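Trainee: Fold the following.
(2 chains, ligands or ions: 4)
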Amino acid sequence: MAIHEKSLIDVDRLLTHDNLVIDGVDVSGHWNTMITPRTLTDYDDSFEAKIQKIAGAENVHRCWQCGSCTNSCTMYAQNVNFNPRYWIYATRLGLKEEIIKDKDIIWQCVSCNKCTNICPKDVKPEGVMKALSHWLEEEGHTEETHSTTFDYEFWDQIAKRGRIEDSAVLKNFFAKTGQALAQDWLVEMVKRMMKHLPMTHLIHSALHAVFPPKTKSWGKTGDVLKAYVKEQKEAAHG
Amino acid sequence: MSKDTVLIVGGGPAGLSAAAGVAAAGKKAVLVEKEDRLGGAPILSGYAKLVPSGEWAKDAIGRMVDGVESSSNVTVHKSNKVTKLDGDAGNFTATLSNGETVNAGSVVLATGFTHFDSINKPEWGFGTFPDVITTTQLEQMVGSGKIACPSDGRVPERVAILLCVGSRDRQIGREWCSKVCCTVSANLAMEVREMSPETQVFIYYMDIRTFGLYEDKYYWKSQEEFKVKYVKARIAEVTAASDGRLLVKGEDTLVKRPIVIPFDMVVHAVGMDPNEDNPEISNTFGVGLEKHGYIERAEHYTNTAGTTRKGVYSCGSAYGPESIDDSISQGSAAALRVLADMAG
Ligand SMILES: Cc1cc2nc3c(=O)[nH]c(=O)nc-3n(C[C@H](O)[C@H](O)[C@H](O)COP(=O)(O)OP(=O)(O)OC[C@H]3O[C@@H](n4cnc5c(N)ncnc54)[C@H](O)[C@@H]3O)c2cc1C
Ligand code: SF4
Ligand code: SF4
Ligand code: SF4
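Mentor: Numbering: from 1, shown residues only, chains lettered A, B, ... in the order given. Ligands and ions are numbered 1, 2, ... in the order given. Below is the predicted model of the structure:
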């Protein structure tokens, strides 16, 4: 083992080529291990403003790094790598890579808002955690969550017809997230509806499922809404 | 009658306030100032808007100067020093460098401070790179109405202000906090952001000491309204990048990582050294200096504004780093002491 203190080095900074020959000398494996430097060489001056545009993170610039949020945090008690103070600092200076590195834990915030209640500068760290999770997802660093998939399905139907059809939302949501439509709870619910709902109501529902209803004179409203949402997204993500 | 005259040395905020106090009580003051202008550091170094009034130094301190210069009770000797002080409390005779003598019952030393000379911290690039300047130069730049890099006149994209330059540093024998530079830096940062919104300002700090009511008015406001960024790091070195920008190197203690960040302009928040004349002042006036080199304060509770010598008083930043407002109050306190001596 060429490098003995590996525990002191972030794994992602260790570079090793399995097969490497330099000037005829075989230096494969640990003989060629290099450590990339830890130096921060720039700030992204626009990052903070970008995050601040996402609802909840408006006050991130107020943070003075007292650590009260981290100290009070439910998740920090479980995992010392869950550190809202640190992510807020990284956001402020535009140390994007530091945020991306922790993409698999930031979303674990349980929204208990202990941090929000204790923060002396009214930063609302919980909102920042939500905004960062949102940004990570939007930028494709984390997979689309089920709740986002659900939102999109819901919103798609609104844009098309001005209203939703429950059965279609559920059907499409389960299909998109690879889940079986015949969920136990759903089967049970349908059975009970058949038993207890008046016949006219059932016919109505069945008709809607086949011919989804549309809001009267919806016309181009959906297109206008879509264009607006697109514009807002572009403005937020630059 | 010499007993009814006070000799005041130094025409900065403290000395001007002492002179105004004595004159207002109808007594005579003789003010000796070594420079050719009154006003002290705010005027001599061309400060811009003052903390905390927000008034331009030339207006605020200018008013004090006008008041003293137009008073028939104050005689002003500019471009002069005291070379000799004979006699005792109640009956001093001072000799000025122009040869004149002044008889006075008591003396007030309002001789102030000297700006730290950044040349003594060569690793931070002052004197080597034209775009490394001090807070006094930034004050003058704000006063001139344009924020620009001295090297080529371009508007800086990023400015770094390094706190505690020449303060809190055992390496160079300066173990004090200069008290005003955190607040002054926050104030300057806001002025830069206001005049040049495209310029980002970063303040590198060890602690932020915007004491008392300056906390929200300067620290919070600069951060919350003017988006000034505070980075916890003591900078190790300022060097040049190949493209002519400056590289600020240090350790960001909150991310536990080394940083090498490009900047267009770097500003040293220079501290307040003891007046470089203090050894001479100590000899001439027979007063002691405290361990950092400022004038030694007498027991403060019952001998306010006193020094180690009876009949010789002091005030303001001659005693140690001090703000303008407090220097002015101390000038009034010294005036009260000398007026009481006259009455007694
Ligand atoms: C960059 C910078 C910005 C600042 N901005 C602010 C601000 O906005 N608000 C604030 O409250 N404070 C500010 N300060 C602090 C402020 O400069 C001092 O509080 C103030 O100048 C102290 O006044 P003083 O009269 O005690 O001393 P000084 O202003 O130093 O005046 C001393 C006077 O004595 C004269 N003198 C010295 N030695 C002799 C001698 N041997 N014989 C005769 N005359 C002599 C000097 O020439 C000078 O005129 C700032 C300081 C710095 C470095
Ligand atoms: S809301 Fe999230 S970040 Fe805040 S204390 Fe709870 S788990 Fe931690
Ligand atoms: S409690 Fe508030 S001010 Fe303190 S570190 Fe957390 S977000 Fe920042
Ligand atoms: S006032 Fe601030 S910048 Fe000045 S010496 Fe003290 S801590 Fe440092």
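Trainee: The closest residue to chain A within the stretch 51-200 of chain B pairs with what?
Mentor: The nearest approach of the stretch 51-200 of chain B to chain A comes at residue B:200, 5.4 Å away (C-beta to the nearest C-beta). (C-beta placed from N, C-alpha, C; glycine too.) Residues in a beta bridge with residue B:200, per DSSP bridges, are residue B:158.
Trainee: what's the spacing between the residue in chain A that ligand 1 sits nearest to and residue B:168?
Mentor: Residue of chain A nearest ligand 1, by C-beta to the nearest ligand atom: residue A:64 (22.5 Å). With distances taken as C-beta to C-beta, to the nearest Å, residue A:64 is found 20 Å from residue B:168.
Trainee: wait, what's in contact with the residue of the stretch 51-200 of chain B closest to chain A?
Mentor: A:45, B:157, B:158, B:159, B:227, B:229 (C-beta atoms under 8 Å, 6 or more residues apart in numbering or on different chains).
Trainee: Next secondary structure element downstream of the helix or strand where residue B:15 lies?
Mentor: When elements are assigned from DSSP states H and E, residue B:15 belongs to helix B:13-24. Next along the chain after helix B:13-24, taking DSSP H and E as the criterion, comes strand B:28-32.
Trainee: Quick one: list the elements packing against that following strand.
Mentor: Applying 3 or more C-beta pairs under 8 Å, 6 or more residues apart in numbering or on different chains; DSSP states H and E, we find strand B:28-32 packed against strand B:5-9, helix B:13-24, strand B:74-77, strand B:101-104.
Trainee: ranges for the strands of the stretch 151-300 of chain B?
Mentor: With DSSP state E, counting those that start in this stretch as the criterion, the stretch 151-300 of chain B has strands at B:158-165, B:200-205, B:229-232, B:235-240, B:246-252, B:257-263, B:265-270, B:272-274.
Trainee: deepest of those strands, which one?
Mentor: Comparing those by mean neighbour count (mean count of other C-beta atoms under 10 Å in any protein chain shown), strand B:265-270 ranks first with a mean of 27.
Trainee: on that earlier part again, kindly reformat the strands of the stretch 151-300 of chain B as JSON lines and extend each row with mean pLDDT.
Mentor: Output for the strands of the stretch 151-300 of chain B, formatted as JSON lines (pLDDT from 0 to 100):
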{"stretch": "strand B:158-165", "mean pLDDT": "98"}
{"stretch": "strand B:200-205", "mean pLDDT": "98"}
{"stretch": "strand B:229-232", "mean pLDDT": "96"}
{"stretch": "strand B:235-240", "mean pLDDT": "96"}
{"stretch": "strand B:246-252", "mean pLDDT": "96"}
{"stretch": "strand B:257-263", "mean pLDDT": "95"}
{"stretch": "strand B:265-270", "mean pLDDT": "98"}
{"stretch": "strand B:272-274", "mean pLDDT": "98"}
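Trainee: Walking through chain A, point out its strands one by one.
Mentor: Under the criterion DSSP state E, chain A contains strands at A:14-15, A:21-22, A:25-26, A:34-35.
Trainee: got the end-to-end distance for stretch B:279-291?
Mentor: 12 Å (C-alpha to C-alpha, to the nearest Å).
Trainee: Likewise for stretch B:289-302?
Mentor: By C-alpha to C-alpha, one end of stretch B:289-302 lies 20 Å from the other end.
Trainee: pLDDT value on residue A:8, please?
Mentor: What the model reports for residue A:8 is a pLDDT of 68.
Trainee: do the same with the one 3 residues further on
Mentor: According to the per-residue confidence, residue A:11 scores 78 in pLDDT.
Trainee: ok, it to ligand 2 distance?
Mentor: Distance of residue A:11 to ligand 2, given as C-beta to the nearest ligand atom, to the nearest Å: 25 Å.
Trainee: TSV please, covering the strands of chain A and showing mean pLDDT.
Mentor: Formatted as TSV, the strands of chain A follow (pLDDT from 0 to 100):
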stretch	mean pLDDT
strand A:14-15	83
strand A:21-22	90
strand A:25-26	91
strand A:34-35	82
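Trainee: Of all those, which one is nearest residue B:236?
Mentor: Of all the strands of chain A, it is strand A:34-35 that lies closest to residue B:236, at 21.0 Å by C-beta to C-beta.
Trainee: Just the angle for the longest helix seen in chain B relative to helix B:13-24, thanks.
Mentor: Across chain B, the longest stretch assigned as helix under DSSP state H is helix B:324-343. Counting by axes from the mean of the first three to the mean of the last three C-alpha atoms, to 10 degrees, helix B:324-343 lies at 40 degrees to helix B:13-24.
Trainee: Can you point out the buried residues in helix B:324-343?
Mentor: B:324, B:326-339, B:341-342 (16 or more other C-beta atoms under 10 Å in any protein chain shown).
Trainee: Report the mean per-residue pLDDT for it.
Mentor: 97.
Trainee: Just the residues contacting it, thanks.
Mentor: With contact meaning C-beta under 8 Å, 6+ apart, helix B:324-343 is reached by B:3-4, B:6, B:12-22, B:25, B:27, B:42, B:50-52, B:61, B:64, B:89-90, B:105-106, B:108, B:110, B:304-306, B:311, B:313-317, B:319, B:322.
Trainee: quick revisit: of all the helices and strands packed on strand B:28-32, which lies closest to residue A:209?
Mentor: Ranking the helices and strands packed on strand B:28-32 by their distance to residue A:209 (criterion: C-beta to C-beta) puts helix B:13-24 first, at 83.3 Å.
Trainee: Can you list the buried residues in the closest one?
Mentor: Neighbour-count burial for helix B:13-24 [16+ other C-beta under 10 Å]: B:13, B:14, B:15, B:16, B:17, B:18, B:19, B:20, B:21, B:22, B:23.
Trainee: And these, which is closest to chain A?
Mentor: Using C-beta to the nearest C-beta, residue B:13 comes nearest to chain A of the buried residues of helix B:13-24, at 31.4 Å.
Trainee: Kindly provide the distance from the closest one to residue B:318.
Mentor: Separation of residue B:13 from residue B:318 (C-beta to C-beta): 11 Å.
Trainee: Same check on residue B:158?
Mentor: Here the distance between residue B:158 and residue B:318 works out to 38 Å (C-beta to C-beta).
Trainee: Next: residue A:42.
Mentor: The spacing between residue A:42 and residue B:318, counted by C-beta to C-beta, is 45 Å.
Trainee: Also residue B:137?
Mentor: With C-beta to C-beta as the criterion, residue B:137 and residue B:318 are 24 Å apart.
Trainee: out of the two, which sits in the more crowded spot?
Mentor: Using other C-beta atoms under 10 Å in any protein chain shown as the criterion, residue B:137 and residue B:318 rank with residue B:318 on top: 29 against 18.
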